[in-house]
Structure formats: C-alpha cells, structure tokens
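Undergrad: Sequence and predicted model, in that order:
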Amino acid sequence: SFRWGGFLDDIDLFDPLFFGISPREARVMDPQQRLMLELAWEALEDAGIAPGNLAGTDTGVFVGTSWCDYSALAHEAAAQFEIGPHAATGMHDSIIANRVSYALALQGPSMAIDTACSSSLVAVHLACQSLWSGESELALAGGVTLNIFGPHYLAMNETGALSPDGRCKTFDARADGTVRGEGAAVVVVTPLRVALERGLPVYCLIRGSAVNNDGLSNGLTAPNPRAQETLLRTAYRRAGLAPWLVEYVE
C-alpha cells in the first residue's frame with residue numbers, strides 16, 4: 001500500500017517576493033500555504049478579477065485541509081528545523097486560509113476547514129452560505145492536501161483504508177481501499193446576479209447544498225446509509241430539484 005500515491009512535483013518551489021513574503025519566512029511556510037496563494041491568484045485571474053482590486057472588500061476565503069504533515073515533519077526534524085519568528089504562522093493550519101486573506105487584504109471571513117474527506121466540499125458549502133447570508137460579496141473556496149509525512153501513510157494503512165493494489169474501485173464490490181493523492185484547487189464563488197452584471201465567466205450554478213454527520217454507525221469511519229439519504233434529500237429540497245431530474249452523481 002505504501003508504493004502507491006499521486007504526488008505533485010516541485011512543491012518546494014515558490015516566488016515569495018511576488019506575494020510580499022521574505023525568502024526567510026517562505027522557508028518555514030507550509031507548502032500548502034504557498035499552493036493556496038498561487039491558486040487563489042490564478043483563480044481570480046481566470047474569473048477576470050484583478051486580485052489587487054479586492055483589497056478591503058468582504059471577500060471570504062474557505063479552504064478545506066486535513067493532516068498536519070508539514071508540522072509533523074518539522075517536529076520530527078526539530079534539530080535541523082529553523083525555529084524563528086515565522087515558524088508558528090508557517091505551520092498553523094488556519095493560516096492556510098488566513099495567508100490568502102492577508103496577502104490580498106481581504107476582509108471577509110477566512111477559515112481552514114477540516115472535516116476529513118469532505119473538507120473541500122464543506123468549504124464550498126460554507127462559502128455559499130456566506131454569500132447567501134450577505135456576509136461575503138465574493139468568496140474563494142478550495143482545498144489542499146500534501147502527503148509528505150510517512151507515518152501518516154502508516155496510520156492510514158493500519159486502518160485498512162489503503163488499497164493493496166493501488167487502485168480505487170468506488171461503488172464496486174471489489175473495493176478494498178483508497179489511494180492517497182496530493183492536490184489543490186480554488187474556485188471563485190459569487191452570486192449569479194453579480195457574475196452576470198460584471199460579465200464574469202460562469203462554469204456552473206450551485207443550486208443548493210447541505211451538510212450533516214453520520215452520527216452513530218457500526219464504526220467511527222463507517223457510513224450511515226440513513227443519514228446520507230437524509231443529507232441528499234435535504235440538498236435536493238434546498239436546491240428546489242426533484243431527485244429524478246439529476247442525471248449524474250459523483
């Protein structure tokens with residue numbers, strides 16, 4: 001199970017001066033922070049929004065993240081790791097989101113969300129809730145994960161979660177585990193009315209969303225079919241959609 005995984009190249013490469021960060025600080029920044037800065041900028045460019053024009057606005061940042069690999073790696077190599085004035089902010093998960101807000105001078109809500117496998121989906125849900133409530137006028141939502149600490153692989157393997165042949169078989173009777181992978185993504189979320197008024201590109205429309213928990217099941221990591229059915233029904237109701245109108249589910 002340890003032989004398989006999806007990994008990003010060059011996660012150590014970063015242009016700190018572009019974001020007004022000193023090279024000394026950048027050296028002790030979790031690479032997940034660096035990825036979020038780069039992708040937030042790219043997402044805004046793709047949306048036709050100049051990042052510098054958002055300073056002082058109620059733009060929210062919601063980032064799904066899980067596992068503290070960089071912090072664990074740093075503590076394991078404590079003798080060689082540079083403990084200085086930037087180490088705490090360089091390793092704290094909340095700063096993965098807060099760093100984006102700081103660099104772009106965004107004054108909307110800014111938070112890292114860890115709900116394990118659903119973290120980035122919940123980040124999108126919270127971004128939408130913030131927009132629908134009027135708390136934010138624009139939001140950046142996304143997720144990031146890097147697998148750079150070996151013992152976390154071991155921990156996942158001990159739970160039986162990793163596929164021995166390195167293949168995911170979702171919704172298949174042969175399913176025998178997952179494969180860990182690295183990745184990051186950011187999307188710009190705004191009310192449809194605002195996007196149309198500003199002539200922003202629209203890739204999809206989020207009609208509604210819902211979040212719940214399985215509660216008690218036959219194991220902490222085991223699904224509860226009844227709770228998941230309730231979640232789907234709630235999402236359909238909020239979206240104003242009949243379930244039979246949906247043609248594709250991932």
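TA: That came through fine. Bear in mind that the values here come from a model prediction, so they are computed numbers and not experimental data.

Undergrad: What about residue 16, how many residues nearby?
TA: 16 (other C-beta atoms under 10 Å). Backbone N, C-alpha and C define where each C-beta goes, glycine included.

Undergrad: Which residue, neighbours along the chain excluded, lies closest to the residue most central in space within the chain?
TA: Nearest to the geometric centre of the chain sits residue 143, at 1.4 Å (C-alpha atoms, centre = their mean). Computed as C-beta to C-beta, 6 or more residues apart in numbering, the closest residue to residue 143 that is not its neighbour in sequence is residue 120, at 2.7 Å.

Undergrad: I'd say the one you found and residue 186 touch.
TA: No: under the criterion of C-beta atoms under 8 Å, residue 120 makes no contact with residue 186, lying 9.7 Å away.

Undergrad: list the residues that contact both of these two?
TA: By C-beta atoms under 8 Å, 6 or more residues apart in numbering, residue 120 and residue 186 have these common neighbours: 141-142.

Undergrad: on that earlier part again, check the gap between the residue nearest to residue 143 and residue 236 for me.
TA: Distance of residue 120 to residue 236, given as C-beta to C-beta, to the nearest Å: 21 Å.

Undergrad: These two: which is more packed in?
TA: Higher neighbour count among residue 120 and residue 236: residue 120, with 25 against 18, using other C-beta under 10 Å.

Undergrad: Any chance of the backbone angles for the more buried one?
TA: Dihedral angles of residue 120 (phi, psi; degrees, to the nearest 10) stand at phi -70, psi -30.

Undergrad: For it, which residues are in contact?
TA: So residue 120 contacts 64, 141-143, 185 (C-beta under 8 Å, 6+ apart).

Undergrad: Filter the residues you listed down to the buried ones.
TA: Neighbour counting by 16 or more other C-beta atoms under 10 Å classes 64, 141-143 among these as buried.

Undergrad: residues contacting residue 207?
TA: 238-241.

Undergrad: Assign it to one of the three secondary structure states.
TA: coil (DSSP: H, G, I helix; E, B strand; the rest coil).

Undergrad: how much space is there between it and residue 130?
TA: 17 Å.

Undergrad: and what of residue 198?
TA: From residue 198 over to residue 130 the distance is 19 Å, taken as C-beta to C-beta.

Undergrad: Please, which helix or strand holds residue 119?
TA: Assigned by DSSP states H and E, residue 119 belongs to helix 119-132.

Undergrad: Can you list the buried residues in that helix?
TA: 119-131.

Undergrad: Helix or strand, whichever it is, which one in this protein has the lowest mean pLDDT?
TA: helix 69-76 (a mean of 81; mean pLDDT, DSSP states H and E).

Undergrad: List the residues that contact residue 160.
TA: Residue 160 sits in contact with residue 177, where contact means C-beta under 8 Å, 6+ apart.

Undergrad: how about the strands of the chain, start to end?
TA: 59-65, 110-113, 138-145, 183-189 (DSSP state E).

Undergrad: deepest of these, which one?
TA: Most buried of the strands of the chain, by mean neighbour count (mean count of other C-beta atoms under 10 Å): strand 59-65, with a mean of 28.

Undergrad: before we move on, back to that, by contact count, what packs against the least confident helix or strand of the chain?
TA: Helices and strands touching helix 69-76, by 3 or more C-beta pairs under 8 Å, 6 or more residues apart in numbering; DSSP states H and E, are helix 87-91, helix 150-158.

Undergrad: Point out the most buried one among these.
TA: helix 87-91 (a mean of 17).
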